[in-house]
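Asker: Model the structure of this input:
(2 chains)
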Amino acid sequence: MIETGQTLLALGRTALSWSERMRRFPWSLIVLLSVTSMVGFVILFSAVGGRENMWLFWRQVAQFIFGMGILGTVALVADEKFYRRFAYLFYIFSLLLLIATMIMGSVGMGARRWLEMGFLRLQTSELMKVALILALARYFHDRSVGHVLTWRDFLLPFVMTLTPMGLIVKQPDLGTAVLIGGVGISMIVVAGLSWRILFVLMGMVGASLPVIWNSMHGYQKKRIITLFAPDQDPLGAGYHIIQSKIAVGSGGWTGKGFMAGSQSQLNFLPERHTDFIFSVLAEEWGFIGGVTLLTLYALIMVRAMMITEMANDRFGLLIVVGVTMLFSIQVLVNIGMVVGLLPVVGIPLPLISYGGSSMVTVMIAMGLLAHVNIYSRQHGRSV
Amino acid sequence: MLDDDREQFRGDARRRILLVGGFLGAAMATLGGRLFHLQVLRGGEYRTLAEDNRISLKPMAAPRGRIFDRDRRILVENNPDFEMVVIPELAGGTLRFLLRRLRRFIEFSDEEVKFILQQARRQRSFLPLRLKSHLTWEEVSNISVRIHEFPGVDLQNQSIRYYPLNSLACHILGYLGEPSDRDRQRFASVTFRPGDLVGKSGVEQHFEEQLRGREGVVEMEVNAVGRHVRELHRTSPQQGADLHLSLDVDLQLEAQAALGNAAGSVVALDPNNGEVLAMVSYPVYDPNQFIRGFNHAQWRSLINDPSRPMINKAIQGQYPPGSTFKIVVALAGLSMGKIDPREHVFCGGVLVKEEQKFYCWRRGGHGSVGLMQAITQSCDVYFYKLAERLGVDAIERQAHKMGLGDLTRVELDGERAGLIPSRTWKRKRFKAAWYPGETLITGIGQGYVLTTPLQLANMVASVANGGVVYRPSLLRLHPGQQPEILSRLAVSSSHMEILRQSLEAVVHDRTGTGAKARPEGGIHAAGKTGTSQVVKHKREKSGQLIKQTGEKLQDHALFVCYAPADRPKIAMAVIVEHGGHGGSAAAPVAKRVLDRYFAKYGVPE
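Answerer: Now for the predicted structure:
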């Protein structure tokens, strides 16, 4: 506790000057994030139907500005060791909140995902995304010096990943659970899990698929069946996929034009301003628009991964991997779902989908990347 | 932290990061490929699907054409009809509560309320729900002043077929009904909508294509749940063409009134072009009732009525023409040179032929009669002998020439042809030889002979105009339009003149049988009475006259005529079912119509 207190006092009193921190700030990443978000505003404007629901649009703009503020705060204010010190604490705190949500969370859309905290409605699984990245990075960082990782060293990281995953699956929120699992596994792999163990694990997962299938909720099974045969129930379970594919496909090369997508504008598309917003883009801006956004996302991914080269230590490196994967998996799963390659799971499209929680989480994660970049010792060399 | 340790990790991590990056790159490429597949390769397919999703076509019914009489008086029109609908989600409260409030101004039976609530549960709450159709004017005004008190409630104006003269000329105008399978086959190009009506009889049926018009369509953009978003395009409906009938409402009214409560038919034609001036069939029905709907009892009584109100007797009633047929036989004799008008025949009241007795209607006989007296007094024996001389086939030819036994092709469906017998016909029909006695019976329009009132009117019209058989037409001829001619009679004008004088004598001679048709104001008419036997077969079988107790055993009374006798403007056939004698029952009907005609149009110079 004493250590914690000292660190809190140390906030803002770091070795680097404010101007140096600003200089080391990864501005190109910020530009990419901002451009992508601008694209998001244009699509959202159309998705919410122009003037009628303009408050949604302005709220998203406000959330973006708020998110950028958080990104800056996360990146600039804390000193070099701040996140490493608080990683476990934050993880345990997040885990407790998840359990609390499990017990006394409020139910929305048939799932228990939110925790009412006075004025705040907290989606606790969002916290866990960041907490897991920090905790796993801390874990492998602590074992990075003079130590060869054996299979025993990977037991705890798996537990750390699977515990929140299990809690989130129970909510039920399959999408976020898969996302957290993906982030955890990719960090573990980069941390040095031997390929042999990885293949054995994959084999075990494959073998346990029937068990997983049987433990799934009816709606979850339905979504997977629907993915492969959406025409079986076109007005029920297959509706989302069919309508979304029609929207995307009917966009053609150049799309139907801004605000001119009949699928999007006429309410054929469900959740078109949140999870299915990519189909609005694809319908109204066509293949050109879709590929443009994919390119923007790819640039963000590449730019983010480049920061691994800047990382001073395993903590920094693994944070960059975790954050990049968190961002990338969301992009891949969301678009994969919209174009009918993956089952319908509730994962928003980062920076584009309407929603405060998702925006804030992405910005916190990106703030961590910027933090790693700022405290990179390689800046000295380049000067 | 050891540098080499860190560098070793960094090297390993770099490889692993490249691997993860490769995975991400492959995944992104897959997404791009999928977009290409969906948008570029299969874009057209999905574009079609999106169009289907987006546009809903709402048909707009075209108003039917109106129908006028020859003086442009309206016979059939389209009236506004109001129905009340509600969009439940806008009603602001439960439907039950709304109905309770509406009940203060509009009557709803408990069954109606139950039905409405049942319907409401079946459909989406933003779609209009019909509460009541055919609102009265009082209900419309009561609701429309309070419409703001009932949010979501709307009065919808539609057009409904209306026959302002009710049952008058109902058989000519016809009525509307649900399209049958046959209607659907006949109008294969028409898409019938639920609630669509088509003409089921009369000109409503015959001119269905013209009256129908072309339906319009509103292309509506709809969203996924079918709610209308906006109108994209509208093709206005085209009202059907108006019909201008040759009917004269005044004559039609007079003719119907003259029939009184007797079942029968009156057909009046313009002998100079075949235009139908009046066509009455009695009893009648009200075509408006088919729009309003029948209850079970009303419908039963309409279709089970023994006097058959649904039948247009003018074209579907087939009656033995009786003595009116003597006009045909006389013309056949004259044109074939089988009789000399001056030749006299003795009528002793009966003619014996092959041990069978053929009576004249006057038991005492007419004595010695020439053609003129034979027609004037309707001597049967004269015509027995004439028929014998002519043979049935000659009579048959003449009858067909005058349009009897054939469809007149008037613009009405369901016309019956009647029947003119011949040797060939009998062989085919009964596989039996023709008896000479049957020729005699045929000569006075009895036996197998059947004609419709319209055929009889057209037959007498051809005498009136000097020998032209026109196709009767319910449509008014355009100025300059030539009437269609069915045939021309090969009769010399002198022979025709003899016949015409005889027919005039029927009405105006002291001994004539048709004196009761004599018009007012010194106008001369020409005509022929007829009586067609209803109980002929029974009488023949028992060999004696059955005591006529019931009205249904009475003979049908017939009268055909034209006027003025010298320059005819109107030709007419009247039949009064079970009326008894033509001269006493049918001729007075003709007189009333003739009087009405000349009162209206004046006497030609």
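Asker: who does the single longest helix found in chain A touch, helix- and strand-wise?
Answerer: In chain A, assigned by DSSP state H, the helix with the most residues is helix A:277-306. Contacts defined by 3 or more C-beta pairs under 8 Å, 6 or more residues apart in numbering or on different chains; DSSP states H and E place helix A:277-306 against helix A:27-47, helix A:239-250, helix A:262-265, helix A:314-338, helix B:3-35. Any C-beta I mention is one placed from the backbone N, CA and C, and that applies to glycine too.
Asker: buried stuff in that helix?
Answerer: A:277-287, A:289-291, A:293-294, A:296-301, A:303-306 (16 or more other C-beta atoms under 10 Å in any protein chain shown).
Asker: Return the nearest residue of chain A with respect to chain B.
Answerer: The nearest approach of chain A to chain B comes at A:Gly249, 2.7 Å away (C-beta to the nearest C-beta).
Asker: what's the next secondary structure element after the least confident helix or strand in chain B by mean pLDDT?
Answerer: Every helix and strand in chain B was compared by mean pLDDT, DSSP states H and E; the lowest is helix B:536-542, with a mean of 45. Scanning forward in sequence from helix B:536-542 by DSSP states H and E, the next helix or strand is strand B:556-563.
Asker: The following helix or strand past that next one to strand B:556-563, inter-axis angle?
Answerer: Sequence order places strand B:570-576 as the next helix or strand after strand B:556-563, per DSSP H and E. Using axes from the mean of the first three to the mean of the last three C-alpha atoms, to 10 degrees, one finds that strand B:570-576 and strand B:556-563 are set 170 degrees apart in direction.
Asker: residues in contact with stretch B:29-46?
Answerer: Residues outside stretch B:29-46 that contact it (C-beta atoms under 8 Å, 6 or more residues apart in numbering or on different chains) are A:245-246, A:248-253, A:282, A:286-287, A:290-291, A:294, A:332, A:335-336, A:339-341.
Asker: can we see that at 7 Å?
Answerer: A:245-246, A:248-253, A:282, A:286-287, A:290-291, A:294, A:332, A:335-336, A:339, A:341 (C-beta atoms under 7 Å, 6 or more residues apart in numbering or on different chains).
Asker: which stretches of the stretch 1-150 of chain A form helices?
Answerer: A:2-10, A:18-24, A:27-47, A:54-76, A:82-104, A:124-142 (DSSP state H, counting those that start in this stretch).
Asker: Determine which of the helices and strands packed on helix A:277-306 approaches B:Asp509 most closely.
Answerer: helix A:262-265 (86.5 Å; C-beta to C-beta).
Asker: residues in contact with B:Arg230?
Answerer: B:Glu221.
Asker: Over to A:Ile277?
Answerer: Contacts for A:Ile277 (C-beta under 7 Å, 6+ apart) come out as A:43-44, A:47, A:349, A:352-353.
Asker: hang on, the earlier thing: quick one, the longest helix of chain A and helix A:239-250 angle?
Answerer: Going by the same axes, to 10 degrees, helix A:277-306 makes 80 degrees with helix A:239-250.
Asker: What residues sit buried inside stretch B:335-343?
Answerer: Neighbour count says stretch B:335-343 has B:335, B:338-339, B:341 buried, by 16+ other C-beta under 10 Å.
Asker: What is the neighbour count of residue 90?
Answerer: Chain wasn't specified; assuming chain A. Counted with other C-beta atoms under 10 Å in any protein chain shown, residues neighbouring A:Phe90 total 19.
Asker: try chain B instead
Answerer: Counted with other C-beta under 10 Å, residues neighbouring B:Leu90 total 14.
Asker: quick one, what contacts A:Tyr91?
Answerer: Here A:Tyr91 is in contact with A:131-132, A:134-135 (criterion: C-beta under 7 Å, 6+ apart).
Asker: With B:Gln446 instead?
Answerer: So B:Gln446 contacts B:320, B:322, B:532-533, B:536 (C-beta under 7 Å, 6+ apart).
Asker: Who wins on neighbours among the residues you listed?
Answerer: Most surrounded of these: other C-beta under 10 Å gives B:Gly322, at 29 neighbours.
Asker: what secondary structure does the nearest residue to that residue once chain neighbours are set aside sit in?
Answerer: Distances taken as C-beta to C-beta, 6 or more residues apart in numbering or on different chains put B:Gly530 closest to B:Gly322, at 3.3 Å, once the chain neighbours are dropped. Secondary structure assignment for B:Gly530 (DSSP: H, G, I helix; E, B strand; the rest coil): strand.
Asker: With B:Lys58 instead?
Answerer: strand.
Asker: That one: what's its closest spatial neighbour, skipping adjacent residues?
Answerer: The nearest residue in space to B:Lys58 (C-beta to C-beta, 6+ apart) is B:Val218, at 4.5 Å.
Asker: other SSEs contacting the helix or strand containing the one you found?
Answerer: Using DSSP H and E, B:Val218 maps to strand B:216-222. Judged by 3 or more C-beta pairs under 7 Å, 6 or more residues apart in numbering or on different chains; DSSP states H and E, strand B:216-222 is in contact with strand B:55-60, strand B:228-235.
Asker: I am finished for the moment; much appreciated.
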